[in-house]
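Chemist: Sequence unavailable; structure follows:
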């Protein structure tokens, strides 16, 4: 059987371009015992993938040149030589950007489509939901009445962070990049305040005004000057889960900024870089809470869906322009 | 009774000068029930005092103009109207830079001079010892075999950090500012390696060479470019207790440097600002361990002693030139 895949053609300098990707035809072998043949339905694109396009030491190994990009994918079982899966089952896993592919039974996890639509398992009930959950709950340790600021608030992680913070009884301020997103955060997702950083001349003042009691938790998805402004308003004993630095992912030189340590020191602030994998042993706890909140209607997903497998690179590049609200997904 | 005190005359811009202090004569009232009259014997000077000379929000309130500087002082009880103290008792407390002064019984804590010389209670067995203990043990969480780097290693806190890290079975690298200090750290205090940052052209390479397995804990007393170099060599899941930033205390503009968050993020690093007061509830635990180690000969103090009460400002300024090895103390 012949299928198509998208490979990394070259390592980008700065912002990736479409020529950094290439579509290829590949031949699939027949499946062996314990394997399943899957058809990809929904493909996750995520900011962290930019880091894997570099040849640099990080938490995830670099993508290889001429090898397919990997990420979260929802697939449908087409053939099975595993007793755990039947044709028609829907599964999620870390799979290649490939229209059809073979997985071992250990690589795929069945999803419950009666609880939520399949695409939720790439977002709210998937990696980005778990990232929000563990970063906020286990690093941020929110207490009712505290002020939580989230940057990249309309992104896949940020929008879940804000909702969980509200469930915890916090006062929640989101930072996003359009008036439309700001409006949505407040009207649909329960944020108390939201700031459009693109139209706000003085972010320091805007944060101070939106957070009269200062900032107890800053969930950072973006880095750069937005974070500088939030940290100027940080409270004693605040917590800063470092989840993303999307504003810096495409820089080619070492980004410079004000030194943070004096502020972190004098205010006894914790800053903790993390990836969701750091909490692997606790995934069942996170999934249980997220699913419960979705069931109760307290936690909602939202998605930006691009159509067409061939548009995966375009969708990935769109993340850096803020094209998405909530989880960016490509439907094949 | 008339005595002398040293007050803050003006708030320094940048490096303090002797004119920022003034010696004054004051009249002491007679002591009231529950109070004791003390003669100051040893006065602690500490880098954090520089911060209190500014009029800025920090963990400790600013010193007031025309009011005495306060800090750790060992005093001898001269008169007592408290049943807890007798003349001749030696005590420690947070007291004014004043030759004779009155304290309430709650402000003074008796010290055991049979365990260690009185001055130890300002250093190894005092605030700087506790700072080293809590920062390293409770934030750094050292495991045997890990690599610990300490900046300001020959300072009052750093020299204790290195010794405790050795007691925990770690490989310990100190950074200090003279060949003499470097030699002392290795020969007297058990450091495995030490680096003189003033004569090392490429600190990044020097740290990499001294830490072949990377850096698991960076106990930061100095900040600035030294810290940039250490953090370039930081390991996944490393911990950075932020204890001091002495290289930046006298800057008048916001210091700039490479942004740290991308590194902390991609390597899941924890950075935690702290002051010893954050661990107030656990002081007995810290004092117990420090005293035990001193008793067993595993933990040694070292001091630079200036003589003469009037030399307190000079001793404080000396900290920023690296005049001290270990705890800087003024003997009245």
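Modeler: Perfect, I can see it now. For clarity, every value in this text was computed on a predicted model and none was experimentally measured.

Chemist: what does the stretch 101-250 of chain A put close to chain B?
Modeler: Taking Cβ under 8 Å from any Cβ of the partner chain as the criterion, the stretch 101-250 of chain A approaches chain B at residues A:220, A:223-224, A:227, A:236-237, A:242-245, A:248. Bear in mind the C-beta positions are built from the backbone N, C-alpha and C, glycine included.

Chemist: Please report how far the closest residue to residue A:160 other than its chain neighbours lies from chain B.
Modeler: Closest residue to residue A:160 apart from its sequence neighbours, by Cβ to Cβ, 6 or more residues apart in numbering or on different chains: residue A:132 at 3.6 Å. Look at residue A:132 and chain B: by Cβ to the nearest Cβ, to the nearest Å, they are 15 Å apart.

Chemist: In the stretch 1-150 of chain A, what residue spans correspond to strands?
Modeler: In the stretch 1-150 of chain A, the strands defined using DSSP state E, counting those that start in this stretch lie at A:2-8, A:21-27, A:35-44, A:70-80, A:90-96, A:100-104, A:109-110, A:147-151.

Chemist: so what secondary structure elements neighbour the helix or strand that the last one is followed by?
Modeler: Going down the chain from strand A:147-151, the next helix or strand is helix A:156-167, by DSSP states H and E. In this structure, helix A:156-167 packs against helix A:127-133, strand A:147-151, strand A:171-176, helix A:179-189, strand A:215-219, helix A:283-295, with contacts taken as 3 or more Cβ pairs under 8 Å, 6 or more residues apart in numbering or on different chains; DSSP states H and E.

Chemist: tell me the contacts of the residue nearest to residue A:221 when sequence neighbours are not counted?
Modeler: Using Cβ to Cβ, 6+ apart and skipping residues adjacent in sequence, the residue nearest residue A:221 is residue A:152, 3.1 Å away. Contacts for residue A:152 were tallied using Cβ atoms under 8 Å, 6 or more residues apart in numbering or on different chains; they are A:158, A:175-176, A:221-222, A:244, A:246.

Chemist: Make TSV out of the strands of the stretch 1-150 of chain A and add mean neighbour count.
Modeler: Shown next, in TSV, are the strands of the stretch 1-150 of chain A (neighbours: other Cβ atoms under 10 Å in any protein chain shown):
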stretch	mean neighbour count
strand A:2-8	17
strand A:21-27	14
strand A:35-44	23
strand A:70-80	21
strand A:90-96	20
strand A:100-104	19
strand A:109-110	12
strand A:147-151	30
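
Chemist: Now the stretch 1-150 of chain A against chain B: closest residue?
Modeler: Nearest to chain B in the stretch 1-150 of chain A, going by Cβ to the nearest Cβ, is residue A:58, at a distance of 4.3 Å.

Chemist: What part of chain A, helix or strand, is modelled with the least confidence?
Modeler: Of the helices and strands making up chain A, the lowest-confidence element is helix A:48-52, at a mean of 92, by mean pLDDT, DSSP states H and E.

Chemist: Which two among the contacts of residue A:152 are spaced furthest apart?
Modeler: A:176 and A:244 (13.7 Å; Cβ to Cβ).

Chemist: In a markdown table: the strands of the stretch 1-150 of chain A, plus mean pLDDT.
Modeler: What follows is those, written out as a markdown table (pLDDT from 0 to 100):
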| stretch | mean pLDDT |
| --- | --- |
| strand A:2-8 | 98 |
| strand A:21-27 | 97 |
| strand A:35-44 | 98 |
| strand A:70-80 | 98 |
| strand A:90-96 | 97 |
| strand A:100-104 | 98 |
| strand A:109-110 | 95 |
| strand A:147-151 | 98 |
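
Chemist: Could you dump these into CSV with distance to residue A:136 added?
Modeler: Below are the strands of the stretch 1-150 of chain A laid out as CSV (distance: least, Cβ to Cβ, whole Å):
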stretch, distance to residue A:136
strand A:2-8, 32
strand A:21-27, 33
strand A:35-44, 20
strand A:70-80, 20
strand A:90-96, 22
strand A:100-104, 31
strand A:109-110, 23
strand A:147-151, 8
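
Chemist: circling back: of the contacts of residue A:152, which is the nearest to chain B?
Modeler: residue A:244 (7.2 Å).

Chemist: Quick one: residues contacting the residue of the stretch 101-250 of chain A at minimum distance from chain B.
Modeler: Across the stretch 101-250 of chain A, no residue is closer to chain B than residue A:242, which sits at 4.6 Å (Cβ to the nearest Cβ). Residue A:242 sits next to A:220, A:271-274, B:261, B:264-265 when contact means Cβ under 8 Å, 6+ apart.

Chemist: what does residue A:148 give?
Modeler: Neighbours of residue A:148 in contact, by Cβ under 8 Å, 6+ apart: A:136, A:140, A:142, A:161-162, A:165, A:170-173, A:215-219.

Chemist: repeat that with 7 Å
Modeler: Residue A:148 sits next to A:142, A:165, A:170, A:172, A:216-217, A:219 when contact means Cβ atoms under 7 Å, 6 or more residues apart in numbering or on different chains.

Chemist: quick one: which of those is most hemmed in?
Modeler: Most neighbours among the contacts of residue A:148, by other Cβ atoms under 10 Å in any protein chain shown: residue A:219, with 31 neighbours.

Chemist: Can you check the pLDDT for that one?
Modeler: Per-residue pLDDT puts residue A:219 at 98.

Chemist: And for the one 3 residues further on?
Modeler: At residue A:222 the predicted local confidence, pLDDT, stands at 96.
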